[in-house]
Structure formats: C-alpha cells, structure tokens
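**Student:** sequence first, then the predicted structure, then my questions.
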Amino acid sequence: MKLKKFGGTEQKIYDLCAPVIRELGYLVWDVRYEKEGASWYLRIFIDSETDAIGINDCEKVTGPVSDLLDEKDPIAQSYILEISSAGLEAELVRESHFDACIGCEVRARGFRPFPDGSRELIGVLEAWDMDNVTLTVNGGQQVLPFRELAFVKLYFDFGE
C-alpha cells in the first residue's frame, strides 16, 4: 500500500475548497480528479467530526463549492463535480487519515495471508509510520508492514 499525495489539481482544489467546506461545518476527507471513459470527474469527499454525512449535507456543500469553482475556474477542461460522504468504511489513504484515526477500529487487508493465515484483520489502529501499521487485535499487537497491505479502512460492524 502506498499513501496518496494530492496531485497538483487535487491540491489546488483542496486549498480552494477546504475553507468554504470548513465554514459550512464539514471536513474534506479526500479530493480525486479522475478520468472515467471520456469524462473527467472531480470528486470531493466530505466528513464531519460529529455526525454522519447524509444527502442533505452533500447538497448543502455542492452549491457553494460549485459556485466557487465556477468563479475561480481552476480546471481548464470540463468535468463532473461530485460531492459525497467519505463513508462509514472510508479508506485511509493519506497521512492525515491515519493521524486522525488513531484509536479507531479498522480493517486491514493484506496482499497475501498474514502469519495467522487470514487475509484481513480487524483491530484498533494504535500507531503507524511510513513502514508499518500497528493494530491491537484480540488484545495483542500486530505490526503490519505497509508494503504488504492492500488497504486499511475504517471498520463498522453492520451486524453481519
């Protein structure tokens, strides 16, 4: 697994939109500028420190962000703007995500089975650095090499 860094366009959009989104009471979780087929998509994922994000929250953010982007015109080509929730099981892909989620329950999937034979571990994120992710799993600590992880996501027990 590699941590994502904002690309030039993504960083520009983050810098432009984060203050407006913060003023509305939300956080920017991620910004992605991606091509799918013939279309470009600008996806801004939002989160809240207090509540789950719903469709009304996304609508509340869409207008002001769209107006700001129309005014500043930071992207020369046409694109489709999407504002959405980071989700209950948001993927941790940036340093800020790992920092913010210390003490949270996460699900880590390996490219290959872990020493116990499983491909996924669910535990509490205790620490991380550029080489390892440390989880507390069933009362014991597991140190997982970053390069051997397919992903780390917040975990929510849906009662399955």
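**Tutor:** Nice, I can see it.

**Student:** so what's residue 71 up against?
**Tutor:** Shown in contact with residue 71 (Cβ atoms under 8 Å, 6 or more residues apart in numbering): no residues. Where C-beta positions appear, they are placed from N, C-alpha and C, glycine not excepted.

**Student:** let's verify it: helix, strand, or coil?
**Tutor:** helix (DSSP: H, G, I helix; E, B strand; the rest coil).

**Student:** distance check, it against residue 60.
**Tutor:** As for residue 71, its distance to residue 60 is 18 Å (criterion: Cβ to Cβ, to the nearest Å).

**Student:** now do residue 35
**Tutor:** According to Cβ to Cβ, residue 35 stands 28 Å off from residue 60.

**Student:** who has more neighbours out of the two?
**Tutor:** Using other Cβ atoms under 10 Å, the more surrounded residue of residue 35 and residue 60 is residue 60, with 17 against 10.

**Student:** residue 65 against residue 44, yeah?
**Tutor:** Yes. The criterion here is Cβ atoms under 8 Å, and residue 65 meets it with residue 44 at 6.6 Å.
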